[in-house]
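Here you go, sequence then predicted model.
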Amino acid sequence: MVSIESKQLPAGSSEALVGVYIANDMDLSGLVIPLRYVALDSNAYMSESWDLTVQGRLSAWAEPGASYTVSEFYTEKHYSAFDWRGVACEQDSTGLTWSTPSDTFDFVSPDASVLMIIGINPPVLEAGDDGIPGSGTPSIELIFGIGNVLGSMEIDTVCISPANRLAFVDEFYEPVQGVDFLKSTIEICCACDCHADPQCDGVYNVFDVVKISQVVNQGYPEPADPNPCCPYKKTDVDCDGDTDQTDLDKMGAVCFQYADPDTTFCRPCE
């Protein structure tokens, strides 16, 4: 079985992560995972770059956490015709083809890609299970930007001939089709519970100043907002993507000089 993680992602994120979870009851010498990406709401879609990381159980095939370029692991293709839940998926030949001439994402819905591994020294992936999407460790992690339009998009499999359809490749290099697939729904959202309030107590005070100072002056990690839809860290009060001295100065001005927080801090979802 192949399962794509469903999750909420903050609008405008430059590096969203979505896990591809694999469960296989036999040793595999390869994988073929064609995916199609489509906006369910107008313009609620991916943006910027697209990449992936191989990890978890697949790290036996490659260095853990290694990142792969287009030529090494996957191909990006538009498609002109497709069937992703119909009878053609069960047939030997769908008669559907990759479109031309474009061979890369244009980040306009829909797009498609084929993730493929064929190992020289099998098994590429020993029998096992990545676990439940969102709580286990995915073998593959998709990495892409998210646009600023709120709504939903979907990642599903797609049937394309001649050979680019969802399949496992057994240890004898024979394709095993009929693999179960769980599609993903991505909600593109924007909402923050504790932005510009790193203490997360509903007031601006010295504790917020201390937490921002720890990030700026002591190398503490930037604390994430508890709401997964928030596009900025709690300490990034000016929404420039980084917690720095400017954020510390702004928080100090609000706490100690009575500056108006409505005009001093940014509005992350406006």
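The structure has been received and is ready for your questions.

Only C-alpha atoms from now on, for both contacts and neighbour counts.
Noted.

So residue 202, which state does it fall into?
Here residue 202 takes the coil state, with states given by DSSP: H, G, I helix; E, B strand; the rest coil.

Next up, the contacts around the closest residue to it other than its chain neighbours.
Once flanking residues are discounted, residue 202 sits nearest to residue 194: 7.8 Å by Cα to Cα, 6 or more residues apart in numbering. By Cα atoms under 8 Å, 6 or more residues apart in numbering, the contact set of residue 194 is 200, 202, 225, 226, 234.

Let me see the ranges of the helices in the stretch 151-270 of the chain.
In the stretch 151-270 of the chain, the helices defined using DSSP state H, counting those that start in this stretch lie at 206-218, 245-256, 261-264.

Any chance of TSV for the ones you listed, columns mean neighbour count?
Compiled in TSV, the helices of the stretch 151-270 of the chain are given as follows (neighbours: other Cα atoms under 10 Å):
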stretch	mean neighbour count
helix 206-218	18
helix 245-256	19
helix 261-264	12
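
thinking again about what came up before, from the contacts of residue 194, keep the buried residues only.
Buried by 16 or more other Cα atoms under 10 Å: 200, 225, 234, out of these.

any idea how far residue 225 is from residue 200?
Per Cα to Cα, to the nearest Å, residue 200 is found 9 Å from residue 225.

what's the overlap in contacts for those two?
Shared contacts of residue 200 and residue 225, counting by Cα under 8 Å, 6+ apart, come down to 193, 194.

what's the neighbour count on residue 257?
Look at residue 257: counted by other Cα atoms under 10 Å, it has 10 neighbours.

do you know how far it is from residue 210?
16 Å.

so residue 19 bridges to which residues?
Beta bridges link residue 19 to residue 141 when assigned by DSSP bridges.

for it, what are its contacts?
Applying Cα under 8 Å, 6+ apart to residue 19 gives the contacts 4, 5, 133, 134, 137, 138, 139, 140, 141, 142.

What of residue 247?
Contacts of residue 247 (Cα under 8 Å, 6+ apart): 212, 235, 236, 237, 238.

TSV please, covering these and showing distance to residue 37.
Putting these into TSV (distance: Cα to Cα, whole Å) gives the following:
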residue	distance to residue 37
212	38
235	33
236	31
237	33
238	33
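
Residue 188: which of the residues you listed is nearest?
Distance ranking of the contacts of residue 247 against residue 188, using Cα to Cα, places residue 236 first at 20.5 Å.

Tell me which residues touch that closest one, please.
Residue 236 neighbours (Cα under 8 Å, 6+ apart): 195, 196, 242, 243, 244, 247.

Tell me the secondary structure at residue 32.
Under three-state DSSP, residue 32 falls in the strand class.

partners of residue 129 in the sheet?
Using DSSP bridges, the bridge partners assigned to residue 129 are residue 23.

scratch that, residue 155
residue 37, residue 184.

what's the answer for residue 151, then?
Applying DSSP bridges, one finds that residue 151 bridges with residue 188.

That one against residue 190, yeah?
No - counting by Cα atoms under 8 Å, residue 190 is not a contact partner of residue 151; they are 10.0 Å apart.

between these two, which one's more packed in?
Using other Cα under 10 Å as the criterion, residue 151 and residue 190 rank with residue 190 on top: 22 against 17.

so how far is residue 232 from the closest residue to residue 264 other than its chain neighbours?
Residue nearest to residue 264 in three dimensions, not counting chain neighbours: residue 250, with 6.5 Å by Cα to Cα, 6+ apart. Going from residue 250 to residue 232 by Cα to Cα gives 16 Å.

and what of residue 50?
In terms of Cα to Cα, residue 50 sits 21 Å off from residue 232.

State the pLDDT value of residue 165.
Each residue has a pLDDT score; the one for residue 165 is 74.

Leaving out the residues flanking it, which one is nearest to residue 28?
residue 170 (4.6 Å).
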